[in-house]
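Novice: Can you look at this prediction? I've put the sequence above it.
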Amino acid sequence: MSNLKAFFPANRGRWIKYTLTSLPVIFSALIFALNSFVDNFMATIIPGGNQALAYANTWTTIVTGIIAATTIIGSALYGQYFATNDVKKIREIIRGRIVIALGITIIFTIPALIWPEFLMQIASGFDQNVDQEIMNSGSRYLRWIAISWLFSTWGYTMAMILRESGYGNATLISSCLCLGLNIVLNIIFNLINKDLELLSYSTNISLIIGSIVFFVIYIFIKDKRLLWNPLKMFAIPLIVWKQFIKRIPSFLLFCIGSITVSIRYVFWNHGYPTGSIGNNPEYQIAAANILGISGMFFSIFWNTFESINANVTIFVGRELGENNYLEAKKNAKELQGFHMCVSIIMALLLVIISALITKMNFLTEGYKSLLEQQNPPINSDVITSGAEVLLVNIQNTLWPLAWNIPFWVWYITKNRIISTGGKTNLTASIEAIVGLISTAWIVSINYSIICKQIEFPWAYALFFVPDLIIKTACYEWIYYKVEWARNITKEFEKVTN
């Protein structure tokens, strides 16, 4: 029993400490996630909007995942050096993180601006049955939303740096402003015309204004460690680049793991194309219709767990940077239990939403509008039945997501703890290998004769089994068998000597 208690905060004061640090991060991440939710929600009232957005957002998810990988690598360095109060090195690492993140985003933004139609086809799994207007509206949306990736990357990276520095409250203001603007603009544009492209306009405008406000807030924090001259963005010495270059293998492995998560949607879209779900092809239901909406709800709760990265950086990384290994290990254990408790609360909230999904008929307005526009016309009873089938499938794909949240949070916390001690090669290797195994598993689910006989939600739930088993086992073994608690600030000393 004493061993179990070690995985939870030792007293009321420590519970309060972790909670006060986490709440601003959770709320700002929640508000940030609601920006995406607003777009997805508005898309449900546009004919075919939900399906088109699901395809376009596959690429947004890929970009976001890769930027998150840069954060994992960068925060491992940042957390420990922040504890040393070496202002010069802290600023250099901040500049390095921003330059790398923006550079990677540009690589994806250019193709999305030039070939959005082709990228939409890839994301749809080259679905030959999808309505062409869905692809056209999605392509227009993707071209414009690609511009927002640059502002999102800037805001996300800077927000993570503030959270890791203990200034989580500062991100709340700009996040609230972005959300408010996005909602107002979406309503205005929806009154003008129900067009998916207009949703991207509201996202870009709100992000641009929010980024400007965020930069002003950032300056007013007046922490000399965080203040750097934008005109010297690329003034990053070779010694800092060496630290990032040394972690390129880890970064690439994390990217492989992240991309394999995103391309799952491509395989689902290919395995379950338009008309393949439900007992009537006239329903025109595809995996994208279902996962677009279930993902909309799931992302609200999942994005709140950005607090994992901030908490580990603050309570584990800083202690390692000050050579307080025992305190770092104690905090690491307590954070696992603390994060587990928060995740259970989030999972229960998602369960409640899942139970109510079949009553949310407004989610199928766009789907029904698209069917009503078909030529030859589709019987109204078929449209009503199709909407019911869609809601049931959304509900049944949310169940496994809700139940798995605590398990995912448990091993992701361990991942961040191990990474903050510099063992990023190990954690990245696990993510890449399991990602590839999961990709092979989803292919077998999609194309095996046996699995084709089961309904889509069952196939979706079955998919998560190897991911949970392998990752949980690997991270548990590494956590207890590998000496992950190290002070990586000494790497600088070795390079300079």
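Specialist: Perfect, thanks for sending it.

Novice: Please tell me how far residue 427 sits from residue 18.
Specialist: Distance of residue 427 to residue 18, computed by Cβ to Cβ, to the nearest Å: 22 Å. From N, CA and C alone the C-beta is placed, and that goes for glycine too.

Novice: Neighbour count for the two, which is higher?
Specialist: residue 427 (27 against 23; other Cβ atoms under 10 Å).

Novice: List the buried residues in stretch 290-305.
Specialist: For stretch 290-305, burial by neighbour count (16 or more other Cβ atoms under 10 Å) applies to 290-305.

Novice: And those, which is closest to residue 105?
Specialist: In terms of Cβ to Cβ, no member of the buried residues of stretch 290-305 lies closer to residue 105 than residue 303, at 18.2 Å.

Novice: Please verify my assumption that that closest one contacts residue 28.
Specialist: No: in terms of Cβ atoms under 8 Å, residue 303 does not count as a neighbour of residue 28; the distance is 9.9 Å.

Novice: So which bits of stretch 321-337 are buried?
Specialist: In stretch 321-337, counting by 16+ other Cβ under 10 Å, buried: 321-322, 324, 328-337.

Novice: before we move on, which element is residue 200 in?
Specialist: Following DSSP states H and E, one finds residue 200 within helix 196-220.

Novice: now residue 405
Specialist: Residue 405 belongs to helix 380-420, assigned by DSSP H and E.

Novice: so what does that helix touch, helix or strand wise?
Specialist: Applying 3 or more Cβ pairs under 8 Å, 6 or more residues apart in numbering; DSSP states H and E, we find helix 380-420 packed against helix 49-84, helix 287-302, helix 307-312, helix 325-356, helix 365-372, helix 424-447, helix 456-481.

Novice: The third one: how far from the chain's middle?
Specialist: On the basis of Cα atoms, centre = their mean, to the nearest Å, the separation between the geometric centre of helix 307-312 and that of its chain is 14 Å.

Novice: Pull the residues that contact that helix.
Specialist: 18, 21-22, 25-26, 29, 71-72, 75, 79, 160, 163-164, 168, 332, 335, 338-339, 342, 409, 412-413, 416-417, 420 (Cβ atoms under 8 Å, 6 or more residues apart in numbering).

Novice: which residues touch the following helix or strand past it?
Specialist: Downstream of helix 307-312, the first helix or strand assigned by DSSP H and E is helix 318-321. With contact meaning Cβ under 8 Å, 6+ apart, helix 318-321 is reached by 79-84, 325, 327-328, 331, 420-421, 485-489.

Novice: roughly how far out does helix 318-321 sit from the chain middle?
Specialist: On Cα atoms, centre = their mean, the centre of helix 318-321 falls 27 Å from the chain's centre.

Novice: What is the subsequent helix or strand relative to the helix holding residue 200?
Specialist: helix 238-246.

Novice: Mind listing what's buried along the helix or strand following that next one?
Specialist: Per DSSP H and E, the first helix or strand lying C-terminal to helix 238-246 is helix 248-262. Neighbour counts over helix 248-262 (16+ other Cβ under 10 Å) mark 250, 251, 253, 254, 255, 256, 257, 258, 259, 260, 261, 262 as buried.

Novice: circling back: next, the angle helix 49-84 makes with the helix holding residue 200.
Specialist: 10 degrees (axes from the mean of the first three to the mean of the last three Cα atoms, to 10 degrees).

Novice: helices and strands around helix 196-220, which ones?
Specialist: Checking 3+ Cβ pairs under 8 Å, 6+ apart, helix 196-220 ends up next to helix 12-43, helix 49-84, helix 132-164, helix 170-192.

Novice: which one among the buried residues of helix 248-262 gets closest to residue 121?
Specialist: Of those, the one sitting nearest to residue 121 (Cβ to Cβ) turns out to be residue 262, at 16.0 Å.

Novice: Does that closest one touch residue 68 like I think?
Specialist: No: with contact defined as Cβ under 8 Å, residue 262 does not reach residue 68; the gap is 11.1 Å.

Novice: wait, which of the helices and strands packed on helix 196-220 is closest to residue 436?
Specialist: Between the helices and strands packed on helix 196-220, helix 49-84 lies closest to residue 436; by Cβ to Cβ that is 15.0 Å.

Novice: How about the closest one, which residues are buried there?
Specialist: 49-83.

Novice: Contacts only, for residue 331.
Specialist: Counted by Cβ under 8 Å, 6+ apart, residue 331 has contacts 315, 316, 319.

Novice: Most neighbours of all the residues you listed, which one?
Specialist: Busiest of these [other Cβ under 10 Å] is residue 316, holding 28 neighbours.

Novice: Tell me who's in contact with it.
Specialist: 79, 328, 331, 332, 335, 417, 420, 421.

Novice: and with 10 Å instead?
Specialist: 79-80, 324, 327-332, 335, 416-421, 484-485 (Cβ atoms under 10 Å, 6 or more residues apart in numbering).

Novice: residues touching residue 315, list them.
Specialist: 14, 17-18, 21, 79, 327-328, 330-332, 334-335, 338, 417, 420.

Novice: can you check residue 56 too?
Specialist: Residue 56 neighbours (Cβ under 10 Å, 6+ apart): 39, 43, 112, 116, 119-120, 123, 137-146, 196, 200, 292.

Novice: Name the nearest residue to it, ignoring sequence neighbours.
Specialist: residue 142 (4.2 Å; Cβ to Cβ, 6 or more residues apart in numbering).

Novice: Run a quick neighbour tally on that neighbour.
Specialist: Neighbour tally, residue 142, other Cβ under 10 Å: 28.

Novice: wait, it sits on residue 108?
Specialist: No: using Cβ atoms under 10 Å, residue 142 makes no contact with residue 108, being 11.0 Å away.

Novice: so what sits against both of those two?
Specialist: Joint contacts of residue 142 and residue 108 (Cβ under 10 Å, 6+ apart) are 59, 60, 119.

Novice: Any chance of those in a markdown table with pLDDT and distance to residue 241 as columns?
Specialist: Formatted as a markdown table, the shared contacts of residue 142 and residue 108 follow (pLDDT from 0 to 100; distance: Cβ to Cβ, whole Å):
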| residue | pLDDT | distance to residue 241 |
| --- | --- | --- |
| 59 | 91 | 28 |
| 60 | 89 | 29 |
| 119 | 94 | 31 |
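
Novice: out of those residues, who's nearest residue 274?
Specialist: residue 119 (18.3 Å).

Novice: From the contact counts, what lies against whichever strand or helix holds that closest one?
Specialist: Element membership of residue 119 [criterion: DSSP H and E] is helix 116-123. Where contact means 3 or more Cβ pairs under 10 Å, 6 or more residues apart in numbering; DSSP states H and E, helix 116-123 is packed against helix 49-84, helix 87-114, helix 132-164, helix 264-271.

Novice: One more pass at 7 Å, please.
Specialist: helix 49-84, helix 132-164, helix 264-271 (3 or more Cβ pairs under 7 Å, 6 or more residues apart in numbering; DSSP states H and E).

Novice: buried stuff in that helix?
Specialist: 116, 119, 120, 121, 122, 123.

Novice: same question, stretch 343-361
Specialist: Buried, per 16+ other Cβ under 10 Å, within stretch 343-361: 343, 346, 347, 350, 353, 354, 357.

Novice: Reformat these as a markdown table; add pLDDT.
Specialist: Formatted as a markdown table, those follow (pLDDT from 0 to 100):
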| residue | pLDDT |
| --- | --- |
| 343 | 91 |
| 346 | 90 |
| 347 | 92 |
| 350 | 93 |
| 353 | 93 |
| 354 | 94 |
| 357 | 94 |
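
Novice: ok, of these, which one's closest to residue 129?
Specialist: residue 357 (25.3 Å).

Novice: isn't the closest one right up against residue 394?
Specialist: Yes: using Cβ atoms under 7 Å, residue 357 is in contact with residue 394, at 5.5 Å.
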